[in-house]
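Student: quick one, fold the following:
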Amino acid sequence: MTGPKHSELNVKDVSFINDIKNLAVIGPSKKRDYYFFKNHAIDFKGNAYAVHPTVKEISGFDRNKIVPSLKDIKEDIDYAWISLPASQVLNVIDECIDKGVKLVTIFSSDFSDSGTEKGLILEQLLVKRAQNKVRILGPNGMGLYYPKLGICWRSNFPTTAGNIGFIAQSGGMCNIAIYGASSFGIKFSKVFSFGNGADLDLVDLLYFLSEDPETDIILCYLEGIKEGRIDDLRKVLEHNKKPVICLKGGQSKSGSIAAKTHTASISGNNKLWNAFFKQYNVIQVDSLEQLLHTAHILDCYKAFEINNLAVASISGGYGVVLVDLLAKNGFNIPQFSSDIQKQLNSRFILPGTSPKNPLDLAAHFFFENFIYDVLNIALSDINIDGLVLDMPSFYLTPVFTRSRYNTSFESIMIESLSLGHKYNKPVIPIIQRLNRPDDRERVRNILIEKKVPVFGVPDEFIPILRKISEYKKKLKKKSKNV
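Tutor: Predicted structure coming up:
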């Protein structure tokens with residue numbers, strides 16, 4: 001990691017996370033069938049230990065990896081996951097320090113999240129007890145998901161690592177995002193659920209991911225920030241070079257009350273947060289789905305500035321609707337340059353079609369090589385920043401087998417939609433969910449592997465295109481001022 005020193009930014013050093021070799025789950029419960037121990041152990045690349053004073057055996061696991069206390073483990077332990085009543089956690093933290101544990105997750109709740117003075121004092125004692133000798137995720141958090149090392153708090157999480165990091169106070173939000181990642185075409189490098197944030201918080205973890213070589217895009221779900229940390233967050237964002245996409249919880253009065261109950265977070269003034277995000281070029285989104293969609297588009301095409309779009313559709317009516325929606329959101333649908341228009345005119349020969357923007361493909365859609373040639377020509381226009389294509393799933397069945405290099409029509413479509421990478425311009429196909437779900441899913445999965453994002457309705461991506469474009473404009477402006 002090559003950025004400014006931790007002391008310069010007032011952040012805690014957790015760079016050791018990339019080198020976790022052994023872990024322990026403290027307090028695995030027979031009532032839960034040792035659920036969290038099994039989840040952490042099943043895919044972990046190192047050695048996983050269950051720590052419980054009375055448990056002697058867990059079916060399917062090495063009895064030598066089941067011990068009464070941390071001191072009975074001969075190996076060093078880098079990471080411990082604690083599931084015990086809050087009243088027992090302080091003593092366990094002492095044992096973790098004695099053992100040299102570097103990071104603990106405290107799954108236990110009933111600390112500051114309880115809303116009681118007793119819980120708040122207990123959390124303060126917890127941090128004091130840790131003495132900065134062991135770093136803490138939580139309390140009231142799920143901890144670390146690190147697929148490269150097989151660290152999972154649920155056993156059926158995806159095991160393939162990606163390049164997207166996610167930081168959230170809410171474990172439930174993390175679960176939804178991780179389980180839904182494949183549906184959105186993304187893979188995670190690391191996910192942190194830090195709960196109450198008694199020790200490690202958004203600022204620390206954001207800095208870590210900003211310097212992490214395994215992470216290219218950073219996602220955040222934030223309910224609030226501790227008093228006195230906003231200046232530290234400001235400094236981290238000033239030094240950060242990666243896209244940060246944030247979903248802010250507690251924006252309404254009711255949501256703010258819920259956030260305080262959930263993780264004892266003070267949400268703060270919504271207008272101030274919006275201004276803060278704009279100042280530091282954080283992409284702010286309105287839902288978890290939009291958070292993941294934005295990450296997917298950035299992962300496919302990186303940041304781009306987009307104003308002028310080409311639109312192509314098989315249905316002229318749907319093309320009109322698309323143009324209306326894009327125009328309402330501030331996008332231009334310009335005519336093609338004269339040279340490009342001439343090339344397109346020569347390809348359109350049937351009545352009821354149109355070579356102008358928006359392109360009305362109609363029956364031409366099924367001509368051999370037609371869709372590839374038309375998209376190739378349209379994207380080559382220097383006045384066009386990207387292309388949106390309507391592609392109903394009922395046209396993607398194997399019955400359409402027009403040949404090009406002895407491939408199916410479906411293969412030609414996939415090759416055509418991948419042309420955005422040739423021109424460094426986003427191509428956004430819309431494959432409606434209205435019918436033929438199996439065909440849609442098959443093609444969608446192929447396109448995702450080709451780094452082409454697929455959407456079901458325009459509303460899913462139109463606001464995101466604007467957000468990414470604004471992000472890119474600010475990046476360019478900042479680089480000019482440096």
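
Student: contacts for the helix or strand containing residue 293?
Tutor: Using DSSP states H and E, residue 293 falls within helix 288-301. By Cβ atoms under 8 Å, 6 or more residues apart in numbering, the list of residues contacting helix 288-301 from outside reads 162-164, 173, 176-177, 180-181, 184-186, 216-217, 219, 221, 243, 245, 247, 283, 285, 420-421, 424-426, 451-453, 455, 460-461, 463-465, 467-468. C-beta coordinates here come from the backbone N, C-alpha and C atoms, glycine included.

Student: mean confidence score for it?
Tutor: In this model, helix 288-301 has a mean pLDDT of 98.

Student: now it: buried residues?
Tutor: Within helix 288-301, the residues that count as buried by 16 or more other Cβ atoms under 10 Å are 288-301.

Student: likewise for stretch 146-154?
Tutor: 146, 147, 149, 150, 151, 152, 153, 154.

Student: ok, the last one - contacts?
Tutor: Listed by Cβ under 8 Å, 6+ apart, the contact set of residue 154 reads 39, 175, 178.

Student: ok but it is inside a strand, no?
Tutor: No: counting by DSSP: H, G, I helix; E, B strand; the rest coil, residue 154 falls outside a strand, being coil.

Student: that older thread, by neighbours, which of the contacts of residue 154 wins?
Tutor: residue 178 (23 neighbours; other Cβ atoms under 10 Å).

Student: helix, strand or coil for it?
Tutor: helix.

Student: still on that earlier bit, just the buried members of the contacts of helix 288-301?
Tutor: Using 16+ other Cβ under 10 Å, the buried ones in the contacts of helix 288-301 are 162-164, 173, 176-177, 181, 184-186, 216-217, 219, 221, 243, 245, 247, 283, 285, 420, 425-426, 452-453, 455, 460-461, 463-465, 467-468.

Student: of those, which belong to strands?
Tutor: Using DSSP state E, 164, 217, 219, 221, 245, 247, 283, 285 are the members of the buried ones among the contacts of helix 288-301 that sit in strands.

Student: the spatially closest residue to the fourth one that is not a sequence neighbour - how many residues pack around it?
Tutor: Once flanking residues are discounted, residue 221 sits nearest to residue 168: 3.8 Å by Cβ to Cβ, 6 or more residues apart in numbering. Here the number of neighbours of residue 168 (other Cβ under 10 Å) works out to 30.

Student: all the helices of the stretch 301-450 of the chain, residue numbers only.
Tutor: 316-328, 338-347, 370-379, 409-417, 419-423, 437-449 (DSSP state H, counting those that start in this stretch).

Student: minimum distance to residue 310: which of the ones you listed has it?
Tutor: helix 370-379 (4.7 Å; Cβ to Cβ).

Student: got a list of contacts for the closest one?
Tutor: Contacts of helix 370-379 (Cβ under 8 Å, 6+ apart): 310, 312, 336, 340, 343-344, 347, 357, 359, 361, 364-365, 384, 387, 389, 404, 412-413, 415-417, 419-420, 422-423, 425, 427.

Student: mind listing what residue 424 touches?
Tutor: With Cβ under 8 Å, 6+ apart, residue 424 has these contacts: 301, 304.

Student: residue 315 touches residue 391, doesn't it?
Tutor: No: in this structure, residue 315 is not within contact of residue 391 by Cβ atoms under 8 Å, at 10.6 Å.

Student: neighbour count: the two, which is higher?
Tutor: Comparing residue 315 with residue 391 by other Cβ under 10 Å, the one with more neighbours is residue 391, at 23 against 14.

Student: OK, contacts around the more buried one?
Tutor: 314, 413, 417, 429, 430, 431.

Student: quick one, which of those residues has the minimum pLDDT?
Tutor: residue 413 (85).

Student: could you measure from the residue nearest to that residue when sequence neighbours are not counted over to residue 122?
Tutor: Distances taken as Cβ to Cβ, 6+ apart place residue 371 nearest to residue 413, at 6.4 Å, with adjacent residues excluded. The span separating residue 371 from residue 122 equals 64 Å under the rule Cβ to Cβ, to the nearest Å.

Student: okay, these two: which has more neighbours?
Tutor: residue 371 (25 against 20).

Student: and that one, how close does it get to residue 411?
Tutor: For residue 371, the distance to residue 411 - Cβ to Cβ - is 12 Å.

Student: same check on residue 211?
Tutor: 41 Å.

Student: looking at the two, which one has more neighbours?
Tutor: Comparing residue 211 with residue 411 by other Cβ under 10 Å, the one with more neighbours is residue 211, at 20 against 15.

Student: ok, back up a step: nearest to residue 447 among the contacts of residue 154?
Tutor: residue 178 (21.8 Å).

Student: would you confirm that that closest one contacts residue 188?
Tutor: Yes: if you go by Cβ under 8 Å, residue 178 and residue 188 touch, sitting 6.6 Å apart.

Student: where do the contact lists of these two overlap?
Tutor: 145, 158, 166.

Student: residue 28: which of the residues you listed is nearest?
Tutor: Nearest member of the shared contacts of residue 178 and residue 188 to residue 28, counting by Cβ to Cβ, is residue 145, at 18.4 Å.

Student: just give the nearest non-adjacent residue to that closest one, would you?
Tutor: Using Cβ to Cβ, 6+ apart, the nearest residue to residue 145 is residue 191, at 4.0 Å.

Student: gap between residue 19 and residue 26?
Tutor: From residue 19 to residue 26 the distance is 21 Å (Cβ to Cβ).

Student: those two: who's more crowded?
Tutor: residue 26 (28 against 9).

Student: A strand includes residue 88, no?
Tutor: No: under three-state DSSP, residue 88 falls outside any strand and is assigned helix.

Student: what about the closest residue to it other than its chain neighbours, how many residues nearby?
Tutor: Nearest non-adjacent residue to residue 88, counting by Cβ to Cβ, 6+ apart: residue 27, 7.9 Å away. Counted with other Cβ under 10 Å, residues neighbouring residue 27 total 21.

Student: same check, this time on the one 3 residues further on
Tutor: Residues within reach of residue 30, counting by other Cβ under 10 Å, total 10.

Student: could you look up the SS state of it?
Tutor: coil.

Student: quick one: pLDDT of it?
Tutor: 91.

Student: how close does it sit to residue 50?
Tutor: For residue 30, the distance to residue 50 - Cβ to Cβ - is 11 Å.

Student: the contacts of helix 370-379, buried ones only, as a PyMOL selection?
Tutor: With 16+ other Cβ under 10 Å as the criterion, this PyMOL line picks the buried residues out of the contacts of helix 370-379:
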select buried, resi 310+312+336+340+343+344+347+357+359+361+364+365+384+387+389+404+412+413+415+416+417+419+420+423+425+427
